[in-house]
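Trainee: Quick check, what structure comes out for this input:
(one chain, ligands or ions: 2)
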Amino acid sequence: MSDLLPLDVPTASRPQQREQAAIRRQAYPYRFPRDSRRLGGAYTVADSVARLTRFFYLERRLAQAIGAWALAIPDFEVKVESGRHLYWHADAARRLRERLHEQEKRVGAIDAFRDADIDRLIDEVLSAADAPELLVGVHQVLGRALETAYHHHAERTCQIADAPTVRVLAQILVDYQPMLAWADQAIAAYVAGGIDQARLERWRWHCDRLLASIGGVTGADRLGPAPTGLRSVAKPFVRDTAPRRDARFETFDRTGDYDTADGGARLAPGYEKERLGFIRAQRDEIDAIEAFGTVLWDIRFSDFDSEYRLARMVWDEARHTEIGNRSMMALGFDPFELPNRLTPSTCRGPMEPTLALAEINMVGEVGVLKMINGIIDEATSRGDALMMHIADHIRADERTHVRSGQVVMKNICDLEVQELDQRMRAAFTRCLYEIGAITKGEADVGSLSRESLEHLIGE
Ligand SMILES: [Fe+2]
Ligand SMILES: [Fe+2]
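Mentor: Ligands and ions are numbered 1, 2, ... in the order given. Now for the predicted structure:
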């Protein structure tokens, strides 16, 4: 037996065994597919951990960042889609976190990781002048750079030894592909509708240069010169507190009651009125996207699990909004003919996160669950397939939210339930009085009951 390679380890193969092995191999009947992957890659475990930690941090920060803009995005489609994207980023962070833990990084150390360069970049991306600029920074600068880095990492790392990382990145990219394609189309729609393309290009160039100045998303690229004149330095980013809607919407915030807002009841009391109220409340859960997104931003870094749970609720509420919107059309409405209830977000927007979360969890979602069984029963007895379908799925989501939200509450709030309930009801009573939804007399009686809040604020 000859070996042409000057290997430093002798093969120590025994000719007889080798021949026997060849004979057995020849006689074996099955020719399975050949695995073409090669052993060996560019990264050690330590290299992988260093890069994946940055990826994890960027994904975590992007989820938080979209949450910070939840109130401020006016356009319906962009708000709903961003709710979905927020969760894609949080879920990417979760997958990377698990992989990092498998590569022996302590969960506490992963969660405690901070990077001042990345923070500076995120602060600048958050300082977008409007939603089109936000999409440019989040998707066309950071999203695009991460997508490239994930492909690059997945190709260069060992396909066999580091296959779990390859798989994690491939799973993340499943979400990235449609997300980035949608963002390109949305930005093109903004430009076609009159947003100055030069302004967006200028912003993209600026954010790209800032990213290059920190070595790109991996930190390993050649450093470019840092741009001067950062908006976030001139004026630190502060999240908006007022909910915004686009020009197609008619909104109301001086009452939480649909009949009052409509200037009279559309339908007589009964099943059809209840059905329309339920569907409107779902479409108007655009405010629940805002609530959970804002809370995620406000409690950022307190606890990864809480951030992740909130992110998931943001996506679910984006789906409820879509369900409401589609159902309005299924009932024959143009969804924009039905005024949108801004009352909940008007109150929650400036509120401290624990109180906003307490209301949506303890009052809003519990309120939905109180009525939903009755609605499903009634829909079933009438053969109302639309309501049976949507309420069935929403019930499962909201039950999950009530449980998941309680876990978050425990993680972020030390108050006893009773005290939290009192403070929450007092804060919402004050807000409802200030915006004119209740009279001074009603406010003077004391804090509103959960039932009244259910009616005026809801989820
Ligand atoms: Fe919901
Ligand atoms: Fe919910």
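Trainee: Which neighbouring elements make contact with the lowest-mean-pLDDT helix or strand in the chain?
Mentor: When each helix and strand of the chain is scored by mean pLDDT, DSSP states H and E, helix 450-456 comes last, with a mean of 89. Helix 450-456 is packed against helix 366-382, helix 417-434, with contacts defined by 3 or more CB pairs under 8 Å, 6 or more residues apart in numbering; DSSP states H and E. (C-beta placed from N, C-alpha, C; glycine too.)
Trainee: Which stretch among the ones you listed is buried most, on average?
Mentor: Of all those, helix 417-434 has the most neighbours on average by mean count of other CB atoms under 10 Å, namely a mean of 18.
Trainee: residue of this structure with the smallest distance to ligand 1?
Mentor: When distances are taken as CB to the ion, the chain reaches nearest to ligand 1 at H320, 3.9 Å away.
Trainee: Okay, buried residues for the least confident helix or strand of the chain please.
Mentor: R450, S452, L453, E454, L456 (16 or more other CB atoms under 10 Å).
Trainee: Over to stretch 271-282?
Mentor: Across stretch 271-282, burial judged by 16+ other CB under 10 Å covers E274, R275, L276, G277, F278, I279, R280, A281, Q282.
Trainee: How about the stretch 351-459 of the chain: which residue is closest to ligand 2?
Mentor: Counting by CB to the ion, the stretch 351-459 of the chain gets nearest ligand 2 through H401, at 3.8 Å.
Trainee: Longest helix in the protein, please.
Mentor: In the chain, with assignment by DSSP state H, the single longest helix is helix 163-192.
Trainee: Can you name the element that comes right after it?
Mentor: Sequence order places helix 197-213 as the next helix or strand after helix 163-192, per DSSP states H and E.
Trainee: Give the next helix or strand downstream of that following helix.
Mentor: Next along the chain after helix 197-213, taking DSSP H and E as the criterion, comes helix 231-234.
Trainee: low-confidence ranges in the chain?
Mentor: For the chain, the stretches flagged by pLDDT under 70 are 1-4, 6-7.
Trainee: ok, which stretches of it are strands?
Mentor: 251-252, 340-341 (DSSP state E).
Trainee: Go through the ones you listed and pick out the most buried.
Mentor: With a mean of 24, the top stretch among the strands of the chain by mean neighbour count (mean count of other CB under 10 Å) is strand 340-341.
Trainee: centre of the chain versus stretch 118-125, how much separation?
Mentor: In terms of CA atoms, centre = their mean, to the nearest Å, the centre of stretch 118-125 is found 18 Å from the chain centre.
Trainee: circling back: these two touch, right, the residue of the chain closest to ligand 1 and A288?
Mentor: Yes. Shown here, H320 and A288 form a contact pair, counting by CB atoms under 8 Å, at 7.0 Å.
Trainee: Those two: which is more packed in?
Mentor: Comparing H320 with A288 by other CB atoms under 10 Å, the one with more neighbours is A288, at 29 against 26.
Trainee: can I get the CA coordinates of stretch 43-52 in CSV?
Mentor: The C-alpha trace of stretch 43-52 is given here as CSV (Å, rounded to 0.1, in the frame of the first residue of the first chain):
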residue,chain,number,x,y,z
TYR,A,43,-14.3,29.0,12.0
THR,A,44,-13.3,27.5,15.4
VAL,A,45,-16.0,27.3,18.0
ALA,A,46,-14.6,30.5,19.5
ASP,A,47,-14.8,32.3,16.1
SER,A,48,-18.3,31.0,15.7
VAL,A,49,-19.4,32.2,19.2
ALA,A,50,-17.9,35.6,18.6
ARG,A,51,-19.8,36.1,15.3
LEU,A,52,-23.0,34.5,16.5
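Trainee: Need the nearest residue in space to the residue nearest to the spatial centre of the chain, chain neighbours excluded.
Mentor: The residue lying closest to the centre of the chain (CA atoms, centre = their mean) is L86, at 2.2 Å. Distance criterion CB to CB, 6 or more residues apart in numbering; nearest residue to L86, sequence neighbours excluded, is I66 at 4.1 Å.
Trainee: Quick one: neighbours of the one you found, just the number.
Mentor: Counted with other CB under 10 Å, residues neighbouring I66 total 27.
Trainee: Please report the distance of the residue nearest to A220 when sequence neighbours are not counted from Y57.
Mentor: In space, A220 comes closest to R51 once its chain neighbours are excluded; the distance is 7.6 Å by CB to CB, 6+ apart. Distance of R51 to Y57, computed by CB to CB, to the nearest Å: 11 Å.
Trainee: Burial check on S127, number of neighbours?
Mentor: 21.
Trainee: Please name the spatially closest residue to it (chain neighbours excluded).
Mentor: Once flanking residues are discounted, S127 sits nearest to R231: 4.0 Å by CB to CB, 6+ apart.
Trainee: wouldn't that neighbour be in contact with R120 here?
Mentor: No. Applying CB under 8 Å, one finds R231 not in contact with R120, separated by 11.4 Å.
Trainee: What about S232, how many residues nearby?
Mentor: So S232, with other CB under 10 Å, has 17 neighbours.
Trainee: gap between the spatially closest residue to it that is not a sequence neighbour and ligand 2?
Mentor: Once flanking residues are discounted, S232 sits nearest to D123: 3.9 Å by CB to CB, 6+ apart. In this view, D123 and ligand 2 are 30 Å apart by CB to the ion, to the nearest Å.
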